[in-house]
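Participant: I would like to see how this sequence folds:
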Amino acid sequence: MEFLHLKGVSYKYSGIGASPQPVLRDITLSLGQNECVAIVGHSGSGKTTLIQHFTGLLKPISGQIFFNDANIWAKSFRKSLLRRKIGLVFQFPETQLFEETVGKDIAFGPRNLGLAEDDIAQRVESAMLALELDPHRFRDRSPFHLSEGEKRRVAIAGVLAMQPDMIVFDEPTAGLDPKSVGRFIATVRRLIDGGKAVVLVTHNMDFVAEVADRVIALRAGQLVFDGHPGDLFTNRERLRDIGLERPAIMDALESTSGRGDSWQGVYSFREFESRVKKIAHSGDL
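Facilitator: Model prediction:
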């Protein structure tokens with residue numbers, strides 16, 4: 001089901017020092033519910049600028065944006081509704097923590113909605129559990145005494161407590177160690193299983209391979225690919241043109257002697273595990 005639709009969207013920054021060239025050029029795309037979409041591209045390709053249009057933080061110089069068929073820049077449209085339905089998690093969101101306890105920080109957004117305290121408490125606990133933050137252990141702790149990975153989970157829980165239908169993450173794995181990245185991958189899968197739409201802006205192709213079921217690629221502000229991750233990762237020429245690397249597992253498997261055909265099309269550890277099981281079942285190991 002279509003949730004957000006951009007039609008011919010272009011944008012350029014204004015002011016001293018701004019480039020005269022558009023940052024986004026005639027972008028048309030649709031985002032639906034219950035999908036995980038990765039937005040990829042070289043630095044400066046327009047990824048972050050694009051997602052800032054999703055919640056009306058930026059207004060296009062041309063084109064239209066529709067949320068559930070309503071033009072978000074129409075005078076009658078309430079952008080407060082849009083920002084409740086689409087949660088935006090900026091890069092390094094843990095830097096935005098400010099309350100004295102984890103529980104109060106997560107409750108900040110729901111409390112601003114004017115909800116009853118019982119409803120706020122329920123949302124806080126639900127969000128903490130979704131992010132594997134034990135309420136009894138973390139609720140009354142200072143967010144500033146947590147690990148970097150825990151701080152990030154608290155920040156994400158604050159967005160999740162608003163109960164958006166879509167969550168947009170800008171470089172969510174930046175600065176995280178491999179263990180924290182693995183934990184975040186599990187979080188994304190739980191969000192999708194719970195009915196959320198997830199959009200990820202990232203340079204991490206290994207991460208994209210593990211979680212995304214659709215990839216949107218930008219180059220110099222233009223949409224140059226929109227499709228299945230496997231169709232992108234198996235096309236070296238297209239990857240080179242966009243300025244991206246293949247997932248590391250593809251190079252590792254390609255260097256495995258004598259079994260090239262067995263690993264053809266494998267681009268993630270999930271695909272690898274599935275292929276190994278099939279080979280083992282066929283007795284070809």
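Participant: contacts, neighbours, all on C-alpha from now
Facilitator: Fine.
Participant: Show me what the spatially most central residue of the chain is bridged to.
Facilitator: The residue lying closest to the centre of the chain (C-alpha atoms, centre = their mean) is Leu200, at 2.0 Å. In this entry, Leu200 is beta-bridged to Ala38, Phe169, by DSSP bridges.
Participant: Tell me who's in contact with it.
Facilitator: Shown here is Leu200, whose contacts under the criterion C-alpha atoms under 8 Å, 6 or more residues apart in numbering are 36-39, 168-172.
Participant: before we move on, what about Ile192?
Facilitator: Residues near Ile192 by C-alpha under 8 Å, 6+ apart: 34-36, 198.
Participant: out of those, which one sits closest to Asp206?
Facilitator: Cys36 (14.8 Å; C-alpha to C-alpha).
Participant: wait, that closest one sits on Ala197?
Facilitator: Yes: the criterion here is C-alpha atoms under 8 Å, and Cys36 meets it with Ala197 at 6.0 Å.
Participant: Run through the strands of the stretch 151-285 of the chain in chain order.
Facilitator: Counting by DSSP state E, counting those that start in this stretch, one finds strands in the stretch 151-285 of the chain at the ranges 166-170, 197-201, 214-219, 222-227.
Participant: can you pull out the helices in the chain?
Facilitator: With DSSP state H as the definition, the chain shows helices at residue ranges 47-54, 79-85, 102-112, 117-130, 135-138, 148-160, 178-193, 205-211, 229-233, 236-242, 248-254, 269-282.
Participant: Tell me which of these sits nearest to Leu6.
Facilitator: The minimum distance between Leu6 and those falls on helix 47-54, with 8.6 Å, by C-alpha to C-alpha.
Participant: Can you give me the buried ones in that closest one?
Facilitator: Within helix 47-54, the residues that count as buried by 16 or more other C-alpha atoms under 10 Å are 47-54.
Participant: what's the burial count for Leu176?
Facilitator: Look at Leu176: counted by other C-alpha atoms under 10 Å, it has 15 neighbours.
Participant: Tell me how far it lies from Glu148.
Facilitator: Distance, Leu176 to Glu148, using C-alpha to C-alpha, to the nearest Å: 8 Å.
Participant: same thing with Lys104?
Facilitator: Taking C-alpha to C-alpha as the measure, Lys104 falls 18 Å from Glu148.
Participant: Please apply the same query to Ile61.
Facilitator: Applying C-alpha to C-alpha, the value for Ile61 to Glu148 is 38 Å.
Participant: which one of the two has more residues nearby?
Facilitator: Of the pair Ile61 and Glu148, Glu148 is the one with more neighbours under other C-alpha under 10 Å, namely 18 against 13.
Participant: who's in contact with the more buried one?
Facilitator: For Glu148, the contacting residues are 94, 176, taking C-alpha under 8 Å, 6+ apart as the criterion.
Participant: Now for the protein, the helix or strand with the poorest mean pLDDT.
Facilitator: Counting by mean pLDDT, DSSP states H and E, the chain has its least confident helix or strand at helix 269-282, which shows a mean of 76.
Participant: where's that one relative to the chain centroid, distance-wise?
Facilitator: Between the mean C-alpha location of helix 269-282 and the chain-wide mean there is a distance of 27 Å, by C-alpha atoms, centre = their mean, to the nearest Å.
Participant: correct me, but Val89 touches Phe169?
Facilitator: Yes: if you go by C-alpha under 8 Å, Val89 and Phe169 touch, sitting 4.8 Å apart.
Participant: low-scoring pLDDT stretches of the stretch 151-285 of the chain, where are they?
Facilitator: Per-residue confidence for the stretch 151-285 of the chain (pLDDT under 70) gives these ranges: 257-262, 283-285.
Participant: Counting neighbours, what do you get for the closest residue in space to Glu35 that isn't next to it in sequence?
Facilitator: Distances taken as C-alpha to C-alpha, 6 or more residues apart in numbering put Ala197 closest to Glu35, at 5.0 Å, once the chain neighbours are dropped. The burial count assigned to Ala197 is 23, neighbours taken as other C-alpha under 10 Å.
Participant: what's the answer for Ser255, then?
Facilitator: Other residues within reach of Ser255, judged by other C-alpha under 10 Å, total 11.
Participant: And it, how far from Glu210?
Facilitator: Computed with C-alpha to C-alpha, the distance linking Ser255 and Glu210 is 21 Å.
Participant: repeat for Ile86
Facilitator: The span separating Ile86 from Glu210 equals 23 Å under the rule C-alpha to C-alpha.
Participant: Enumerate every residue touching Ala209.
Facilitator: Ala209 sits next to 229, 247, 267-268 when contact means C-alpha under 8 Å, 6+ apart.
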